[in-house]
Structure formats: structure tokens, C-alpha cells
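[1] how would this look folded up:
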Amino acid sequence: MPRPFRRLALLAAAALLLAACEQAPTAGTQPPVASPAAANAPAAVAATEPARPAYLDAPYAVLPGRRQPTPEQLGELGRRIFFDPGLSASGRTSCASCHDPQHAWGPPNALSVQLAGPDGRTEGPRAVPSLRYLQTLTAFTEHHHDNDGDDSVDAGPTGGRMWDGRAGSAHEQATLPLLSPAEMANASVEEVVRKLEHAAYAGDMRAAFGDEVFGDPKMAFRAAGLSLEAFQQSPSDFYPFSSKYDAVLRGKAALGPAETRGLALFNAEDKGNCASCHISERTPDGAFPLFSDFGQIALGVPRNRKLAANADPGYHDMGVCGPIRTDMKDRPEYCGLFRTPSLRNVAVRQSFFHNGVFHSLEEVIRFYAQRDTAPQRWYGRGKDGRVRRFDDLPAQYHANVNTDPPFGRKPGGKPALSEAEIRDVAAFLRTLTDADQHDAPDPGTLRTAARRP
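    Numbering: from 1, shown residues only. Got it, this is the predicted structure:
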């Protein structure tokens, strides 16, 4: 049984044991007799009885009269939900519209943000990330310790689904777009459940979760989320580890000259230093690298002035501290931080960073190499004509922006990477493309696509 399905099975077994503890005594046994003191206990004492166990409200809990879904049922049901445009307000947008399997479960075009909403033409809040290689992504924590054998190092804010880490699990993340006004645009949980109840796979939901599943909208909504989560644990779909670099790690292939140079530049602390966040080596326990530490980091990405939201000069998307995420709004040290994505299949992408401001892999690497040495290339200017560095982040938060290499060099200085070295790093990154994918078009073909409404 695949590892994620074993986890589901163990979870179900645990729920079964807990549910058994809640059942009434079986025939032939006598319930415990209450002592006189207990019988005469005041109402205040009775109120201290244990609260209802949280697992009893979970869609996977085994209870009398409720069927236990199998991993196969959950995965197939999640797949059908994922590809169903009928769950959107427009009737034209499914999860797969933005997370296309032909593009590593990421956006299928060069638009900075995808279009959806009730009319199918509303800009999404951020660029769409890939759903691949998130199987070990933990919930957001302010204090993370890497799996490197040294627990003394606090890596700081790390993890969570979405760019700002606000979703704690795959099933929570999977249901957020269903209710987002700019995405699938349903008005309520009840509206989503009505659509599920009339979908072609409604019978499959009843078979998996019981005939009464649609009687409780919250339960049905959670069941849909659990199904989507199970689907996204499919190894062949979401973490195949089938790239050329994986073959190299298995000893079945070798990098070419440019790719070899690119890997060395990628790892070198005085050059790209990319591996400081995008780990390129096997983990200490032997797992293949995911090319991300999933940390939250501020990079000072330029403002994307083509986005409708940015027409308001007072609007700033500041990631972990808001405005979409709200529980960290009073933590100024988190303003400008966004989660580090995996670089696996990065060459398939046609828009980059949380605001989709760049549209070629080489341009992204160039930004890293020249952000501080040539800021005039990346940022707008104020009314005084001076370059406004980090122009998508209010000045009081500029101290949050990362200055580790390749950043931190002086304006006018030598950039960390030459143009030839940028090409070599890009050549290496293209070895991270899975076998079922194809690299994005070359940069010259993307500029027109990126301007489409």
C-alpha cells in the first residue's frame, strides 16, 4: 500500500478504536453503578464531563451506520471533484483550470495570475503555484527545525499551504478556492454542497461516506476536501521523481557540461547560493531533494503594475502579514514574506513569484544576481526620479528583505552571476523537469501571451 494511503488507513483504524470506546455496553455486561456521591453531585460537576471528541466530527471517523471510505474511493472521487467545472459559479472553472496536469499541476499559460470568478474573467489574487512535491509540507510554524540532524537551529517561519502559509493541510487548501470570490466564487458551503449533491459522482460520495452525507453540508464539504487531499497524495501524479536529475541521483544518467556547471553555481555560496533554500542534495535519511525548505522569505520582488489590484498605490500584498492572511497582521517582521516554492518543474512555468511579475526562467535568475547591483533594472522610480527599491513593500518593512548571497552587493558592483553563468544555472534547472512534462516555450514566445487580458 502506498505510504499516503497507509497513513489514511492508520488514521481510520485509530478512529475505529476511538469510536469503539464510545459505544454502549454490549449485551451481557452491566454498566457501572454510580456512587451515591456521584448521583448527588451538583450540576457544576456534571458540566465538567469530557467534551465530545473532535474525531467524531471528522468525515473519516468510523461510526455506527457510517461507511468507511477506502483509499481507492477517496482518490478517484477527489480526481472527479478536481476536474469538475460545474462546482464553480461560472460553470467553466475547475481546480484543473489553474492546476493543469500538463503543466506540472500549475498554470497552463503565461498570465501573471489566472482568470476565474463568477464571470470567468476576474483576476486571481496571486500567481498559481504547482501542486507537485508538497507531500511533506508541514503546517505553518514560526519555529521550524530542518531534518538535518541538528535541532538547535531555528529556521524561523516555515510551511503552510498557499503562498502565505495560511492553510494548514491539503484538504483545507483544497476547499479555499471553492469559496474564493476570485476563483470558483461560490457564495457558501451550502452552495458547493448543492452542486456536489447533483454532480454525476454524487452516488460515489454516498457510497464512500454514507447515504446521509449530504444531510449535513459541513460534513459533505469536509468529505470533498478529504477526497481532494487523498487524490493529491497520488505518487504518479504529484511526486513521480522522474526527472533527469532523479536519474542522475539513481546513477542512471549524467549531467551534461552546462548542467554540471549550473549545479555547481546553484550550490556555491559565493555564486548562486540557491541551495541554501532550494536544497539539491538527498536528505540525511536518504530522501530525494524537493528543492525547497518551504521557508517563508522576503525577496523584494518588484511590483507587478499590470495587476488590477495594484492600480491602487496604497495596496500591497505582503504575504504572511496580510492582507489575505489575517492572523499575522500584527507581526510586522512577517511583512513581505512568501513561501519558498519547489524548483522541481520550474522550467515548465511561464510566470514566476507570487505576483507573476517575471515570465522567463533566465529573467528570474538574473533578478537574483542583479537585484542589488542594478536596482534600476527592476524597480520603478519615485516622483523625485530616484529608484524605489523593493517597490512592492512599504518602506517600514524593507529590513525584512533577505540580503544573503547572491544578494547584498553594492549598486554598480559586479553581479554574482554572469550572463553565461545564468544560462548554465537555467540549464541545470531544466533537468528538474519530470518525464511527463515539457519545458515552457523559450522566453521570446512568452511576452505576447503574458499581455493577454
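
[2] just checking, Leu432 touches Asn345?
    Yes: with contact defined as C-beta atoms under 8 Å, Leu432 and Asn345 form a contacting pair (6.4 Å). For every residue, glycine as well, the C-beta is placed using N, CA and C.

[3] helices of the stretch 101-250 of the chain, start to end?
    170-179, 189-197, 202-209, 217-231, 235-238, 244-249 (DSSP state H, counting those that start in this stretch).

[4] so how far is the fifth one off the chain centroid?
    Just to be clear, that refers to helix 235-238. The chain centroid and the centroid of helix 235-238 are separated by 15 Å under C-alpha atoms, centre = their mean, to the nearest Å.

[5] Gln73 against Met205, yeah?
    No: the pair Gln73 and Met205 does not pass the contact test of C-beta under 8 Å, sitting 9.3 Å apart.

[6] look at the two and report which has more neighbours.
    Set side by side, Gln73 and Met205 give different neighbour counts by other C-beta atoms under 10 Å, the larger being at Met205 (25 against 18).

[7] Ala223 is in contact with the more buried one, correct?
    Yes: Met205 lies in contact with Ala223 (C-beta under 8 Å); the separation is 6.5 Å.

[8] phi and psi next, for the nearest residue to Leu299 once chain neighbours are set aside.
    Leaving aside its chain neighbours, Leu299 sits nearest to Asn402 (6.0 Å; criterion: C-beta to C-beta, 6 or more residues apart in numbering). Asn402 adopts backbone torsions of phi -70, psi 140, taken as degrees, to the nearest 10.

[9] now do Ser130
    According to degrees, to the nearest 10, Ser130 has phi -70, psi 150.

[10] what do you get for Leu337?
    Torsion angles, degrees, to the nearest 10, at Leu337: phi -90, psi 130.

[11] now for it: which residues touch it?
    157, 164, 296-298, 318-321, 400 (C-beta atoms under 8 Å, 6 or more residues apart in numbering).

[12] just give me the closest of those to Ala264.
    Ile297 (23.2 Å; C-beta to C-beta).

[13] can you pull the contacts of the closest residue in space to Ala416 that isn't next to it in sequence?
    Ranked by C-beta to C-beta, 6+ apart and with sequence neighbours excluded, the top spatial neighbour of Ala416 is Pro406, at 3.4 Å. When contacts are counted by C-beta under 8 Å, 6+ apart, Pro406 touches 271-273, 368-369, 415-417.

[14] stretch 256-272 - what's its average pLDDT?
    The average pLDDT within stretch 256-272 is 97.

[15] flag every buried residue along that stretch.
    Buried residues in stretch 256-272, defined by neighbour count with 16 or more other C-beta atoms under 10 Å: 258-268, 271-272.

[16] may I see these organised as JSON lines, with secondary structure and distance to Phe231 added?
    Putting these into JSON lines (DSSP: H, G, I helix; E, B strand; the rest coil; distance: C-beta to C-beta, whole Å) gives the following:
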{"residue": "Ala258", "secondary structure": "helix", "distance to Phe231": "37"}
{"residue": "Glu259", "secondary structure": "helix", "distance to Phe231": "33"}
{"residue": "Thr260", "secondary structure": "helix", "distance to Phe231": "37"}
{"residue": "Arg261", "secondary structure": "helix", "distance to Phe231": "39"}
{"residue": "Gly262", "secondary structure": "helix", "distance to Phe231": "34"}
{"residue": "Leu263", "secondary structure": "helix", "distance to Phe231": "33"}
{"residue": "Ala264", "secondary structure": "helix", "distance to Phe231": "38"}
{"residue": "Leu265", "secondary structure": "helix", "distance to Phe231": "37"}
{"residue": "Phe266", "secondary structure": "helix", "distance to Phe231": "32"}
{"residue": "Asn267", "secondary structure": "helix", "distance to Phe231": "35"}
{"residue": "Ala268", "secondary structure": "coil", "distance to Phe231": "39"}
{"residue": "Lys271", "secondary structure": "coil", "distance to Phe231": "40"}
{"residue": "Gly272", "secondary structure": "coil", "distance to Phe231": "35"}
